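Novice: Structure here, sequence nowhere to be found:
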């Protein structure tokens, strides 16, 4: 099996720890746009989950729980099925066009959702939303890899990835407020229009560093010298690596398994977490809206801090591979703390362990989403690798909620077996990043089969 640990051509660069005086800071504007885009992406994703009870009541739909599950799950079947193509597509057309395309698609689908009339149209809208959102993460990852030198990549990745948690945390108050203000139709129309505005701004403002008219030469040189994944840093032979051959690398295979393990645990927080607080811990609606946000907020802060610390260590000369592996392995081991929430004597102690688990997983994600920019054979493969690992991770989005529910049924509502399984999966993920994933450096070209 080919391994990434063999000889490769690392980027030839002289790290400049600080941007030179007078260098523009356009990369932070790009980062802000990507963060807003991913936050809105997750807001639109959660919109139907929050609005579904109001839709069924208003349209007098008699949907079974199984039918509701099919509607909500339709997103992931489409999203995950399109993810491999989304990464390849992003590397072909670039971050500017790919993110614009995705934002236009998901925003139009969101704005048209008020036209639904029954199970079939709800399922179709949810499926179409998943198709449209697929290129967003690969495009944001590619933009980050092109605009940020390696020693700033962890923080930029943390900010982008935190958009998923910010959007999820904001979904309940934002969507319910819009519904209360007018109707459930209004929430889809407002968020759809906001997405169209984002698409227009992204297409108008985004360019790669060498083409952006507001980025000066000092910032461009700083990005290139620091290992930004641009054509100027590409190895000619590495750029010819075929998309299909990316699956032959042991490191890429390890990234797929490791990210699956991380998302297996994270999807508890995105699916069963409110039910756990309500049924197992007895929280009311007000407490859900306050105490229930604590793990998510902790995860956002933890991810940002971890990104800053990792970047600072790399600036000071720390080995990139050691930094990335410490973050990923340590974060996944910390994610196993979820198992201690089940026997906790009070809801506050349970929330403490859940916050530690979620924050640790967010910390691990900063390293995981930095890896595509670190190990891609060339700049033309960053989004493809991001799409490949995201494809594997979202299989967990299909499996994890079902397995949690099955274990709850088997063990009569006890969360201990489900949390124990999640902890075991987190440890497997940690071992994967420790021993299967190779060095955080560009993968060498492989001989074609």
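Specialist: It's in. Just so it is clear, the model here is predicted, and its values are computed rather than measured.
Novice: What average pLDDT does stretch 188-202 get?
Specialist: Mean pLDDT, stretch 188-202: 94.
Novice: which of the residues in that stretch are buried?
Specialist: Buried residues in stretch 188-202, counted by 16 or more other C-beta atoms under 10 Å: 188-192, 194-196, 198-199, 202. No exception for glycine: its C-beta is placed from N, CA and C like everyone else's.
Novice: what about the stretch 151-300 of the chain, any weak spots by pLDDT?
Specialist: For the stretch 151-300 of the chain, the stretches with pLDDT under 70 are 285.
Novice: where along it do the helices fall?
Specialist: Per DSSP state H, counting those that start in this stretch, the stretch 151-300 of the chain carries helices over the ranges 153-181, 184-205, 217-225, 250-270, 273-275, 285-290, 294-315.
Novice: Just say which of those helices is most tucked in.
Specialist: helix 250-270 (a mean of 24; mean count of other C-beta atoms under 10 Å).
Novice: helices or strands up against that one?
Specialist: Helices and strands touching helix 250-270, by 3 or more C-beta pairs under 8 Å, 6 or more residues apart in numbering; DSSP states H and E, are helix 294-315, helix 320-335, helix 347-375, helix 382-410, helix 416-435.
Novice: Give me the angle between that helix and helix 416-435.
Specialist: Counting by axes from the mean of the first three to the mean of the last three C-alpha atoms, to 10 degrees, helix 250-270 lies at 150 degrees to helix 416-435.
Novice: where's helix 250-270 relative to the chain centroid, distance-wise?
Specialist: Relative to the chain's own centre, helix 250-270 is displaced by 11 Å; criterion: C-alpha atoms, centre = their mean, to the nearest Å.
Novice: For residue 335, which of the helices of the stretch 151-300 of the chain is the nearest?
Specialist: Residue 335 lies closest, by C-beta to C-beta, to one member of these: helix 250-270, at 5.2 Å.
Novice: ok and that closest one relative to helix 320-335, angle-wise?
Specialist: Put simply, helix 250-270 runs at 30 degrees to helix 320-335, going by the same axes, to 10 degrees.
Novice: related to what we said a few turns ago, format the helices and strands packed on helix 250-270 as a markdown table; extra columns: distance to residue 156.
Specialist: Below are the helices and strands packed on helix 250-270 laid out as a markdown table (distance: least, C-beta to C-beta, whole Å):
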| stretch | distance to residue 156 |
| --- | --- |
| helix 294-315 | 7 |
| helix 320-335 | 14 |
| helix 347-375 | 9 |
| helix 382-410 | 13 |
| helix 416-435 | 20 |
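Novice: rewinding a little: list just the one of the helices of the stretch 151-300 of the chain that sits closest to residue 61.
Specialist: Here helix 184-205 is closest among the helices of the stretch 151-300 of the chain (C-beta to C-beta), at 12.4 Å.
Novice: Which elements pack onto the closest one?
Specialist: helix 26-58, helix 95-112, helix 153-181.
Novice: Tell me which of the helices of the stretch 151-300 of the chain lies nearest to residue 52.
Specialist: The nearest among the helices of the stretch 151-300 of the chain, by C-beta to C-beta, is helix 184-205 at 8.9 Å.
Novice: Can you tell me what sits against that closest one?
Specialist: 29, 33, 36-37, 40, 43-44, 47, 50-51, 54-55, 58, 96-97, 99-100, 103-104, 106-114, 174-175, 178-179 (C-beta atoms under 8 Å, 6 or more residues apart in numbering).
Novice: quick check: angle from that helix to helix 26-58?
Specialist: Here helix 184-205 points in a direction 160 degrees away from that of helix 26-58 (the same axes, to 10 degrees).
Novice: Numbering from 19 from now on, please.
Specialist: OK, 19 is where the count begins now, so the last one is helix 202-223.
Novice: related to what we said a few turns ago, narrow the contacts of helix 202-223 to those that are buried.
Specialist: Buried among those (16+ other C-beta under 10 Å): 47, 51, 54-55, 58, 61-62, 65, 68-69, 72-73, 114-115, 117-118, 121-122, 124-129, 131-132, 192-193, 196-197.
Novice: if I pick the closest residue to residue 370 other than its chain neighbours, what's in contact with it?
Specialist: Spatial nearest neighbour of residue 370, excluding adjacent residues (C-beta to C-beta, 6 or more residues apart in numbering): residue 362 at 7.8 Å. Going by C-beta under 8 Å, 6+ apart, residue 362 touches 368, 370-371.
Novice: By neighbour count, which of those wins?
Specialist: Counting neighbours by other C-beta atoms under 10 Å, residue 368 leads those with 21 neighbours.
Novice: what sits against that one?
Specialist: Residue 368 neighbours (C-beta under 8 Å, 6+ apart): 299, 359-360, 362.
Novice: Just among the residues you listed, which is most surrounded?
Specialist: Highest neighbour count within the contacts of residue 368, by other C-beta under 10 Å: residue 359, with 25 neighbours.
Novice: State the distance from that residue to residue 374.
Specialist: 9 Å (C-beta to C-beta, to the nearest Å).
Novice: ok, now residue 270?
Specialist: From residue 270 to residue 374 the distance is 30 Å (C-beta to C-beta).
Novice: Nearest to residue 339 among the buried residues of stretch 206-220?
Specialist: Checking the buried residues of stretch 206-220 against residue 339 with C-beta to C-beta, the nearest one is residue 220 at 32.8 Å.
Novice: Would you mind confirming that residue 301 is in contact with residue 310?
Specialist: Yes - Residue 301 lies in contact with residue 310 (C-beta atoms under 8 Å); the separation is 6.9 Å.
Novice: Between these two, which is the more surrounded one?
Specialist: Per other C-beta under 10 Å, whichever of residue 301 and residue 310 has more neighbours is residue 310, with 22 against 19.
Novice: tally of neighbours for the closest residue to residue 375 other than its chain neighbours?
Specialist: Closest residue to residue 375 apart from its sequence neighbours, by C-beta to C-beta, 6+ apart: residue 356 at 4.1 Å. By other C-beta under 10 Å, 27 other residues sit near residue 356.
Novice: which residues does residue 356 contact?
Specialist: Taking C-beta under 8 Å, 6+ apart, we find residue 356 in contact with 283, 286, 371-372, 375, 437, 440-441, 444.
Novice: do the same with residue 410
Specialist: Residue 410 is in contact with 273-275, 277-278, counting by C-beta under 8 Å, 6+ apart.
Novice: Roughly how far does it sit from residue 155?
Specialist: Distance from residue 410 to residue 155, counting by C-beta to C-beta: 13 Å.
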